[in-house]
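Colleague: show me the folded form of this:
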Amino acid sequence: MRRRLTLSAATLAAFAALALYATRVSGYADGAPAGFSGGFGEPSCHACHFDSDPDSGPGRLTIDGVPEQFAPGEQYRLIVTLARPEMAMGGFQLTARFERDGTQAGRLAPADGEQERVRVAEQEGIQYASHTKAGTPPDADARAIWRLIWTAPSGDGPVVFHVAANAANGDGTAEGDFIHTASITTAPASPDSR
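Modeller: Numbers count the residues shown, from 1 in each chain. This is a model prediction of the structure:
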């Protein structure tokens, strides 16, 4: 004799909530999906981690190493630093695009020794540099630091870097996290200054 299993609407809702919770708990410790840099109309990490307003409270996100002017083919060492008191984990996503049309500008790669901590993925011709799970722990000063190499493009026109970062509380959910954003623009060097 076969038994028929029927689930009430409340039971189905409980299973759906459990599935959603499991997805949220797993989070993006190994890097967020591409498309969350906060630049050119993209959302930032705040799309999922929305407990607090972006850039609220203590904390700071910086991009160091971007030159005022770049030379085509030259490599520049970039340092992304997220600092926030009591941060348990940190994550980021960064892009480099031409200001005029949002297309990819140059090439991004993990700096030497950062291959375990930083990854670069490509989607629709845009490179997205982000953290890996190994790159999430902050240092003793509550800073998460990631190092990249940017090879400048041969095309002309200003390049804008957008970065969004998550100062997470480490509980495995989207709640209680703080999102910070930053951008910086560089221009090609004039032929006279090369």
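
Colleague: okay, CA-based contacts and neighbour counts for the rest of this
Modeller: OK.

Colleague: what about the strands in the chain?
Modeller: 60-64, 69-70, 75-83, 89-98, 107-110, 118-123, 126-131, 143-151, 159-168, 178-188 (DSSP state E).

Colleague: I'd like these as CSV, with mean pLDDT, distance to Pro137 and mean neighbour count appended.
Modeller: Formatted as CSV, the strands of the chain follow (pLDDT from 0 to 100; distance: least, Cα to Cα, whole Å; neighbours: other Cα atoms under 10 Å):
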stretch, mean pLDDT, distance to Pro137, mean neighbour count
strand 60-64, 96, 16, 19
strand 69-70, 96, 32, 19
strand 75-83, 97, 11, 19
strand 89-98, 94, 5, 27
strand 107-110, 98, 17, 21
strand 118-123, 96, 13, 17
strand 126-131, 95, 10, 25
strand 143-151, 97, 7, 22
strand 159-168, 93, 10, 26
strand 178-188, 93, 15, 21
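
Colleague: dump the ones you listed to a markdown table, plus distance to Ala32.
Modeller: Formatted as a markdown table, those follow (distance: least, Cα to Cα, whole Å):
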| stretch | distance to Ala32 |
| --- | --- |
| strand 60-64 | 17 |
| strand 69-70 | 29 |
| strand 75-83 | 16 |
| strand 89-98 | 7 |
| strand 107-110 | 16 |
| strand 118-123 | 10 |
| strand 126-131 | 7 |
| strand 143-151 | 15 |
| strand 159-168 | 10 |
| strand 178-188 | 13 |
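
Colleague: what sits against Ile145?
Modeller: Ile145 is in contact with 79-82, 138, counting by Cα atoms under 8 Å, 6 or more residues apart in numbering.
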